[in-house]
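Q: structure of the sequence below:
(chains A and B)
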There are 2 protein chains.
Amino acid sequence: MAVLRTVHPIEAESYRLLREAVDTARLPARTRDVVERVVHTTADPTWLPDLVVDEAALAAGADALAAGAPLVVDVAMVAAGITRYPSTCLVAAPEAARLAAEHGLTRSAAAIRLAARQHADGAVWAIGNAPTALFELVRLAEAGQVRPALVVGVPVGYVGAAESKAALRAAGLPQLSNRSARGGSAIAAAAVNALLYGDPLP
Amino acid sequence: MAVLRTVHPIEAESYRLLREAVDTARLPARTRDVVERVVHTTADPTWLPDLVVDEAALAAGADALAAGAPLVVDVAMVAAGITRYPSTCLVAAPEAARLAAEHGLTRSAAAIRLAARQHADGAVWAIGNAPTALFELVRLAEAGQVRPALVVGVPVGYVGAAESKAALRAAGLPQLSNRSARGGSAIAAAAVNALLYGDPLP
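A: Just a heads-up that it's a prediction; the model follows:
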């Protein structure tokens, strides 16, 4: 699915200022796209050393999206931040609430379990909020129940976020994540948008 | 409009960890609510010295929301992050696109101009994305065309974000903002949610 869009002059100017502030010229293409869009989105260059990036995984994710792969997100804010590609978000589905109550899961984790039944193979997953959602996705992958094209795992918070991202990396899945407890929907959406849009400057 | 909700155990644990990491005990009540929810949302304690907070303005905003005041936001991501209160977001309205084209505005700024016609008095405004939206709101307020109960002004980016927040403070409006170029939808939503929810711990 090709994403065509006009780059607004303000976005272009932001990227020029960003490249004066942060040296990204030697990064591989997809890595640079993702790192720059996260810094552009946050105006916070401390994201550069925090991200854990794998060029091959990002390229696989970009290829999957270009081929129209399903995109699954954990919360509505991530979906709202990705305006040019459809996504699946089941956290508000009644079935997620029922599954959560039955199995003592968070609704976020239950929504991931549901989505994995629909999209077992080749989806791109973007988790921007709930560590429990990422833990569940890693568990399902390790159990052979889901085979993601890419996991963008950047949940945020003092309870379990850094640990869930470490678990993602330890599982050997194709991934983008970060080391600290920071994260969030804007980071997850920025990473996916970077894979959809590429470099906004000519 | 009273917002009743159950505090999830993970949220409660997050607040306990946060209070070990950041000393907020001596802050006034609404200031503490906002500062803590922003740090909780970002897992980034550097927000504490970055925010520019006015207890009286925050109390006025909280009172306005409790009385059912309109809430206007600049982008869908802010709306998606405020799940317990209805908001107005006109950035995708065809009339905003038309107004933007006619007057050479960004769509974000045009959407604010439209919303100000609908909600000239006593609304709470939350701007999490576009500096041009905040500049337009400040201009309208200085022209006497809008009288906000509170402006949560935390747009992000290398182009104009810090300047738009400085303009907000210079205008003397009841405001919450921050000094740096950082910001974003999650910060805007967290601040509004803090005013709706108050202290989540007993």
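Q: could you measure from residue A:64 over to residue B:119?
A: 43 Å (CB to CB, to the nearest Å). Bear in mind the C-beta positions are built from the backbone N, C-alpha and C, glycine included.
Q: same deal with residue A:88?
A: In terms of CB to CB, residue A:88 sits 34 Å off from residue B:119.
Q: any residue of the strand or helix carrying residue A:192 touching chain B?
A: Assigned by DSSP states H and E, residue A:192 falls within helix A:185-197. Yes. For helix A:185-197 and chain B, the contact criterion (CB under 8 Å from any CB of the partner chain) is met by A:185-186, A:189.
Q: closest one to chain B out of the residues you listed, please.
A: The nearest member of these to chain B, counting by CB to the nearest CB, is residue A:186 at 5.0 Å.
Q: got the CA positions of stretch A:8-28 in PDB?
A: Extracted as PDB, the C-alpha positions of stretch A:8-28 are listed here (Å, rounded to 0.1, in the frame of the first residue of the first chain):
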ATOM      1  CA  HIS A   8       4.100  20.500   4.800                       C
ATOM      2  CA  PRO A   9       6.700  23.300   4.700                       C
ATOM      3  CA  ILE A  10       6.800  23.300   8.600                       C
ATOM      4  CA  GLU A  11       7.600  19.600   8.600                       C
ATOM      5  CA  ALA A  12      10.400  20.100   6.100                       C
ATOM      6  CA  GLU A  13      11.800  23.000   8.100                       C
ATOM      7  CA  SER A  14      11.600  20.900  11.300                       C
ATOM      8  CA  TYR A  15      13.700  18.200   9.600                       C
ATOM      9  CA  ARG A  16      16.300  20.700   8.500                       C
ATOM     10  CA  LEU A  17      16.600  22.000  12.100                       C
ATOM     11  CA  LEU A  18      16.700  18.500  13.500                       C
ATOM     12  CA  ARG A  19      19.600  17.500  11.200                       C
ATOM     13  CA  GLU A  20      21.500  20.500  12.500                       C
ATOM     14  CA  ALA A  21      20.900  19.400  16.100                       C
ATOM     15  CA  VAL A  22      21.400  15.600  15.700                       C
ATOM     16  CA  ASP A  23      23.800  13.800  13.400                       C
ATOM     17  CA  THR A  24      21.900  11.000  11.700                       C
ATOM     18  CA  ALA A  25      23.700  11.100   8.300                       C
ATOM     19  CA  ARG A  26      25.500   7.800   8.700                       C
ATOM     20  CA  LEU A  27      22.600   5.700   9.900                       C
ATOM     21  CA  PRO A  28      21.100   3.100   7.500                       C
END
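Q: chain center to that stretch, what's the gap?
A: Its chain's average C-alpha position is 21 Å from that of stretch A:8-28, according to CA atoms, centre = their mean, to the nearest Å.
Q: ok, stretch A:88-104 next?
A: 21 Å.
Q: again, but for stretch A:57-76
A: 9 Å.
Q: so stretch A:116-129, near chain B or not?
A: No. Legend: contact between stretch A:116-129 and chain B by CB under 8 Å from any CB is lacking; minimum distance shown is 9.1 Å.
Q: quick one: average pLDDT of that stretch?
A: Stretch A:116-129 comes out with an average pLDDT of 98.
Q: which parts of it are buried?
A: Judged by neighbour count using 16 or more other CB atoms under 10 Å in any protein chain shown, the buried positions of stretch A:116-129 are A:116, A:119, A:123-129.
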